[in-house]
Every structure is written in C-alpha cells, then in structure tokens.
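Peer 1: What follows is a predicted structure for the sequence shown.
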Amino acid sequence: MVTNPASSDDFNFVIVTPREADRYNPNENITFRCEIFNMDGDDARAEWYSDKDGYLGEGFQILKNLSNGQHNITVQIYVNNVIIASRCVDVLVEETISLSTIQALSIAYTGNNIYTLSWTAVCEADSMFAEYRIYVSDSELSIGTLIENITDINQTTYQLGLEPGSSYWISVIWTDTTGSESNPYRLKVDISKSSSDMIPGLSRVNEQMGLIIMLAGAGALVIVLFASRRRNRTTVLTETHNEPAQEQQDQDDDDTKQINEELKGMSK
C-alpha cells in the first residue's frame, strides 16, 4: 500500500522505483530510487528496508535483489540524523514466464474528446494469449485503474474519452493462459485547453489544444508532439450562430483531420 508522500513547507519526496505491485524474478537486480524536492540545504539521507529481508542499504539510489515472496519496501528519510518521513510500496518476487513487452503504442484524436489507442499485436502463439489489459492513471507512480479487458489477440485498438485540461498515463499489458503478465507499455498524454473552451457549445472559441506524448517502452523512445489552433472569439461566435449543421460538421471533421495531420507530420 502506498502511503501519502511526506511533505512540509520546504520538503517532500516520492519513491520512483520500484512502483506499487511491481513484479521481479529471483536474483534480478532491482533499482531502489527516491527523489526529494524542495530541500533547503539540510543534510538528508535515505535508508531502505524490506519487511522480509531486513535492511537493504543507504542512498537515494541503490541496487539490490530480494528473496522470493511478497515484500513491503520502506524508505526512511533522515534529516540531520532525525527520521522525518517514510514511504512504502509492495512488490512481488517469484519465478515467472518472461513475456515480451508490446512494441508500439500510439494515440490519435477522433473528435468530441474521443481518442483511439493503437498498439502492436503480440507475436506469441494464440494458445498462450489470454487478454490485453488497458489501464488509465493520473500519476506516473501508479498503473492506475483497469478500464478494459480484450480477449481477441487481433483487436489492437480501443477508443476512450479524455477530458481537456488533464494529464493521463495509459498502459497496455498482455497476459497469457498461465496468468503471467508482460511489463506495461506506457504512454503519457497531457491535454491542455484554455478555460473558454470549457464553455458548453463554444468548444471552438479561442481554441488552443496541445498534446505531449511520451512513449516509455523498448529503447526508451520519447516523442513530444504539439499542435495548436486559435480562432477569434467574435468570429467564431458569429459562425456558430449562422453556420448550417452540415457545414459545422464538415468544419469539425476538417479540424480533427488537421490535428492528426499536424501530429503525424511533427512525429517524423
């Protein structure tokens, strides 16, 4: 269970790795890393413990393997040799079949705050495949909520609604018939919109939409995309009032096409 991050007027910290519910193989070297923010020159240090293996080491980043079984990992932060905060995560160490990570994950805007998620099909034999699982989170530190199970190995797209003005971490994993899970392929989406765009019926007024997509998978590929469009408030209000329904739909279709073309062009 993840506890709340320690914080005060000048101090807070997070555990970067391992994440809650991470799974590892026996004898696998695990990176234990935490980050401290807003320090004011104090002498801080970190100590790591496992409820099963005991003391693991000291440092803001250490490398260590764990014995088989469930572990509750705790990091304690000391300032001037006084413990002031701690955090913990649960991890599991067991013999598992190593499943390949999904090799590509992308997202495209399809209009009306709907986005289409696409990924590559797994290469393993159909008899091993059980399902794809899609998770959405508002934090890098958690895999988030399971929103869909897909049992068709060839179904590699999924539509989901994402609200403007929010940030999301989307993860796709796959499982086999033995219950083993692949590591997640993660994609970060930040969707920004000006406050005037949130007015019902005036979604095209003074519009500025941005997408920042970071793909965290094999090769640590990072892509940053940004597309923006602005329209004059008075002009759009006039168009919205007078524009026939079909012309409005055509304009919306053109807007959606433009966003995706701009994103595609910038990713090259």
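Peer 2: Thanks, I have it.
Peer 1: Pass me the low-pLDDT residue ranges in the stretch 1-150 of the chain, would you?
Peer 2: For the stretch 1-150 of the chain, the stretches flagged by pLDDT under 70 are 1-11, 39-42, 96-98, 124-127.
Peer 1: what about the helices in the protein?
Peer 2: Assigned by DSSP state H, the chain shows helices spanning 233-242, 245-266.
Peer 1: Break the chain into its domains for me.
Peer 2: Per automatic domain parsing, the structural domains of the chain span 7-93, 105-266.
Peer 1: number of nearby residues for Gln155?
Peer 2: Residues lying near Gln155 (other CB atoms under 10 Å) number 10. Placement of C-beta: from N, CA and C, glycine included.
Peer 1: List the contacts of it.
Peer 2: Tyr132 (CB atoms under 8 Å, 6 or more residues apart in numbering).
Peer 1: cool, and Asn113?
Peer 2: Taking CB under 8 Å, 6+ apart, one finds 161-164 in contact with Asn113.
Peer 1: ok, for Trp119, nearest residue in space, not its chain neighbours?
Peer 2: Leu105 (4.7 Å; CB to CB, 6 or more residues apart in numbering).
Peer 1: Do I have it right that the one you found meets Ser118?
Peer 2: Yes - at 7.4 Å, Leu105 counts as touching Ser118 under the criterion of CB atoms under 8 Å.
Peer 1: if you count what's nearby, which of those two comes out ahead?
Peer 2: Leu105 (22 against 13).
Peer 1: Specify the beta-bridge partners of Ser106.
Peer 2: Ser118 (DSSP bridges).
Peer 1: do you know how far it is from Leu92?
Peer 2: Remark: distance between Ser106 and Leu92 (CB to CB, to the nearest Å) = 30 Å.
Peer 1: Now do Ser267, the pLDDT please.
Peer 2: Ser267 is assigned 44 on the pLDDT scale.
Peer 1: let's number from 25 now, not from 1
Peer 2: Yes, from this point I'll number from 25; that puts the last item at Ser291.
Peer 1: Would you mind giving both backbone torsions of the closest residue to Gln127 other than its chain neighbours?
Peer 2: Counting by CB to CB, 6+ apart, Gln127 lies nearest to Thr144, which is 4.9 Å off, once chain neighbours are set aside. Main-chain dihedrals, Thr144, degrees, to the nearest 10: phi -80, psi 150.
Peer 1: Correct me if wrong: Thr144 contacts Ser124.
Peer 2: No - assessed by CB under 8 Å, Thr144 is found out of contact with Ser124, at 10.3 Å.
Peer 1: Ends of stretch 147-155, what's the gap?
Peer 2: Using CA to CA, to the nearest Å, one end of stretch 147-155 lies 13 Å from the other.
Peer 1: Oops, could you answer that again for stretch 114-126 instead?
Peer 2: Terminal residues of stretch 114-126 lie 25 Å apart, using CA to CA.
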